[in-house]
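Novice: Quick check, what structure comes out for this input:
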Amino acid sequence: MKRILTVTLFTAGIAIAQSNQGLIGVPWLGWVFDSEAKAARPITGLAMSAMLGAKTDVPLSMAVGSPEGSFALGVAAESGKVLVVRGAGVTELAGARVSPSRSVMSVRGTVAALYFEEGNTVQIFDGLPGAARLARELTIDATPVALAVDDSGSTVLASGADGLFSYKAEQGKQLVISGAAVAEAGFIGVGGDLVAVNDRKVMLMRGGQISELSQDDGVVDAVKASVSADGRSLVVLSKRGGILVRDLVSGASRTLSCYCTASELSRLHGNSVFRLNGLEDGTVWLVNGDEDEPKVTFVAMRGEN
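Specialist: Predicted coordinates for the structure are as follows:
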């Protein structure tokens, strides 16, 4: 009874704070796209007691949240314009082409890469959210399965038929991992290290050296993988929905399960907090690796606004 009362009081406090956002303010964990409402919704509070906030007023066809939580990039449903969505309002991303088919954020959320199918063009924006500018454009070989950008905006990762390639501002295209099965890739921290999923196995590249994690390391049928902001904790989703949290320093691992279809690893504000799914399941679930013991928690709903 005490636990229920505590949660009730906490979530009620969040609701009051959200209604007076500019006066009180609450922690913002991140964002989730509501495809049915064509809107982005913030996830507020703490990872252990998170709550879904009010949807944006501008209709969106897609949206991706920044890992640091304070803003999202959305695409206007009618015009196709790229928008920076923040708690205080919505502004157009100057210099962006209309109707990107995909957008990804860097580890810190200060850089974004927008992919356009026409011409296989990628636009790189840095200085997000308040001083965003178009840093450069590049052309990649084909529609990528995996796409990532680093915090400097100088390197883009994109997978193709022959493997995972890096596109660097000064060095051009370089093969990173060979093979046609690279399904996921991302940067680790603010350096050039990276994590990738290749043929259901997790590949870690650190200091130019590649190591492979497979069944002996607890990695079984991996479909997605990401690393905490400090580079210590690896989170892996398996094909069957299992969640592996592995300490890359000690090698200790823990397997978790979710009452959901775990299909995403979108990092939220914090060191090792990830969103596991969208609103299609009815409830948004998180994996929280910031605690002493990793846990799967849900995001409370507070109704439509």
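Novice: Let me see the contact set for R133.
Specialist: By C-beta atoms under 8 Å, 6 or more residues apart in numbering, R133 lies in contact with 94-95, 125-127. Where C-beta positions appear, they are placed from N, C-alpha and C, glycine not excepted.
Novice: Which among those count as buried?
Specialist: 125-126 (16 or more other C-beta atoms under 10 Å).
Novice: Just confirm R246 contacts L256, I think it does.
Specialist: No. Applying C-beta atoms under 8 Å, one finds R246 not in contact with L256, separated by 11.5 Å.
Novice: Of these two, which one has the most company?
Specialist: R246 (25 against 18; other C-beta atoms under 10 Å).
Novice: Check which strands are paired with the host helix or strand of the more buried one and give the direction for each one.
Specialist: Taking DSSP states H and E as the definition, R246 sits inside strand 243-247. Looking at strand 243-247 with DSSP bridges, its paired strands and their directions are strand 233-238 (antiparallel), strand 253-256 (antiparallel).
Novice: Let me know which of the ones you listed is the nearest to V220.
Specialist: Comparing the strands paired with strand 243-247 against V220 with C-beta to C-beta, the closest turns out to be strand 233-238 (5.4 Å).
Novice: Looking at the strands paired with strand 243-247, which one is packed in the most?
Specialist: When the strands paired with strand 243-247 are scored by mean count of other C-beta atoms under 10 Å, the highest mean neighbour count falls to strand 233-238 (a mean of 23).
Novice: residues in contact with that strand?
Specialist: The set of residues external to strand 233-238 that reach it, using C-beta under 8 Å, 6+ apart, is 195, 202, 204, 213, 219-228, 243-248, 262-263, 265, 271-272, 274, 276, 287, 289.
Novice: mind listing which of those residues are in strands?
Specialist: Using DSSP state E, 195, 202, 204, 213, 222-227, 243-247, 274, 287 are the members of these that sit in strands.
Novice: Please tell me how far the spatially most central residue of the chain sits from G95.
Specialist: In the chain, the centroid-proximal residue (C-alpha atoms, centre = their mean) is S266; its distance is 2.9 Å. If you measure S266 against G95 using C-beta to C-beta, to the nearest Å, the figure is 25 Å.
Novice: Same question for L244.
Specialist: Shown here: L244 relative to G95, a distance of 40 Å by C-beta to C-beta.
Novice: returning to that earlier point: among the contacts of R133, which two are most distant?
Specialist: Every pair in the contacts of R133 was compared (C-beta to C-beta); the two farthest apart turn out to be A94 and D126, at 12.8 Å.
Novice: Now list whatever residues contact both of the two.
Specialist: Residues touching both A94 and D126 (C-beta under 8 Å, 6+ apart): 132-133.
Novice: helices and strands of this protein: which one has the lowest mean pLDDT?
Specialist: Taking mean pLDDT, DSSP states H and E as the measure, the helix or strand of the chain with the lowest value is helix 2-19, at a mean of 38.
Novice: Which of the contacts of R133 sits closest to S35?
Specialist: Closest to S35 out of the contacts of R133 is F125 (24.0 Å), distances taken as C-beta to C-beta.
Novice: So in terms of bridging, what pairs with that closest one?
Specialist: A112, L134.
Novice: Wait, it touches A112, no?
Specialist: Yes. Counting by C-beta under 8 Å, F125 touches A112, with 4.9 Å between them.
Novice: Common neighbours of the two, please.
Specialist: Taking C-beta under 8 Å, 6+ apart as the contact criterion, F125 and A112 have no common neighbours.
Novice: thinking again about what came up before, reformat the strands paired with strand 243-247 into CSV and put distance to L60 next to each item.
Specialist: Supplementary listing: the strands paired with strand 243-247 in CSV, determined by distance: least, C-beta to C-beta, whole Å:
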stretch, distance to L60
strand 233-238, 25
strand 253-256, 31
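Novice: Adding mean pLDDT and distance to L29 as columns, could you present those strands in JSON lines?
Specialist: Compiled in JSON lines, the strands paired with strand 243-247 are given as follows (pLDDT from 0 to 100; distance: least, C-beta to C-beta, whole Å):
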{"stretch": "strand 233-238", "mean pLDDT": "95", "distance to L29": "16"}
{"stretch": "strand 253-256", "mean pLDDT": "93", "distance to L29": "18"}
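Novice: Any idea which of those gets closest to A169?
Specialist: For these, distance to A169 was read as C-beta to C-beta. The smallest value, 28.5 Å, belongs to strand 233-238.
Novice: I'd like the distance from the closest one to the chain centre, please.
Specialist: Between the centre of strand 233-238 and the centre of its chain there are 13 Å (C-alpha atoms, centre = their mean, to the nearest Å).
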